[in-house]
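Colleague: what would the 3D arrangement of this be:
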Amino acid sequence: MGERKDRLGLVSVSFRNQSPRRILQAASEANLSCIEWGSDVHAPARDRERLREIADMQREYGISCSSYGTYFRLGETPLDELPFYTEAAKTLGTDVLRLWCGSRSGDEYEPSERQTLYEECRKAAEIAAREQVTLCMECHKKTYTQIPEDALALMREIGSPHFRMYWQPFQWQSVEENRRYAEAIAPYVRNIHVFQWKGDGRFSLFEGVDEWKGYLGFFPTPRTLLLEFMPDDKIESLSEEANALRIITEDRI
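Modeller: Numbers count the residues shown, from 1 in each chain. Model prediction:
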């Protein structure tokens, strides 16, 4: 049996001011294998010509699309728009879409509001099953999945293999709090956003090697690990951050 290795990649929104070709070039130079394209700037869901161009460039550089980073917000964005995003994801060559769930932390929902959101998520999961894609909720502040208990309850309530999670640490929480979230949600996580932030500060991933090795200990291989935002926002820093990510993952089998 072949070795189980994580896929190492990049989130395109790290470089909103760069073209898709420049991002692919930088990813190739950094020896990354995949990209999550954002729907806000680089890969709009309704721009089929642009999506096909990106798919062609991916083949040119030998880089795949790990996921489609949408700004579709369950409970806010009309559900009848979801097929535009699933079709865009397929054009890019992926069956994983990143979504946001709700508009505030789960503990701020009244029981009736929670049930309404759950029903919306069930319908979205049914669409995903028909389309044979997976919708992954991001661990993001001011969304329903901000708190691990709410994210875990949501996953259990929907109970669909087509409705899953991302994970990332919160820069405003302690390492122990982030570890607790990682451990709780790990069975449901497809992709992981990787960065080294502390409060308002952004730091080189080299400063977080041990911390990240601890986080990843909760996630079995293989997982898709996506660098998100550089400490200085410069695309020239991508290769160094990718090297740090390789050190973090070198012992994972």
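Colleague: next, the residue of the chain positioned farthest from its centre: phi, psi?
Modeller: For the chain, the largest distance from the centre (C-alpha atoms, centre = their mean) belongs to residue 112, which lies 28.8 Å off. When read as degrees, to the nearest 10, the backbone of residue 112 gives phi -70, psi -40.
Colleague: tell me how far it lies from residue 128.
Modeller: With distances taken as C-beta to C-beta, to the nearest Å, residue 112 is found 25 Å from residue 128. From N, CA and C alone the C-beta is placed, and that goes for glycine too.
Colleague: how about residue 172?
Modeller: Applying C-beta to C-beta to residue 172 and residue 128 gives a distance of 31 Å.
Colleague: between the two, who's got more neighbours?
Modeller: Taking neighbours as other C-beta atoms under 10 Å, residue 172 and residue 128 compare with residue 128 leading, 23 against 11.
Colleague: quick one, what contacts that one?
Modeller: If you count contacts by C-beta atoms under 8 Å, 6 or more residues apart in numbering, residue 128 has them with 86, 97, 134, 135, 160, 162, 163.
Colleague: please repeat the previous calculation with a cut-off of 10 Å.
Modeller: 82, 86, 95, 97, 99, 134-136, 160-164 (C-beta atoms under 10 Å, 6 or more residues apart in numbering).
Colleague: any chance of the residues you listed in JSON lines, plus neighbour count and secondary structure?
Modeller: Output for these, formatted as JSON lines (neighbours: other C-beta atoms under 10 Å; DSSP: H, G, I helix; E, B strand; the rest coil):
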{"residue": "82", "neighbour count": "23", "secondary structure": "helix"}
{"residue": "86", "neighbour count": "22", "secondary structure": "helix"}
{"residue": "95", "neighbour count": "16", "secondary structure": "coil"}
{"residue": "97", "neighbour count": "26", "secondary structure": "strand"}
{"residue": "99", "neighbour count": "24", "secondary structure": "strand"}
{"residue": "134", "neighbour count": "22", "secondary structure": "strand"}
{"residue": "135", "neighbour count": "30", "secondary structure": "strand"}
{"residue": "136", "neighbour count": "24", "secondary structure": "strand"}
{"residue": "160", "neighbour count": "17", "secondary structure": "coil"}
{"residue": "161", "neighbour count": "10", "secondary structure": "coil"}
{"residue": "162", "neighbour count": "19", "secondary structure": "coil"}
{"residue": "163", "neighbour count": "25", "secondary structure": "strand"}
{"residue": "164", "neighbour count": "21", "secondary structure": "strand"}
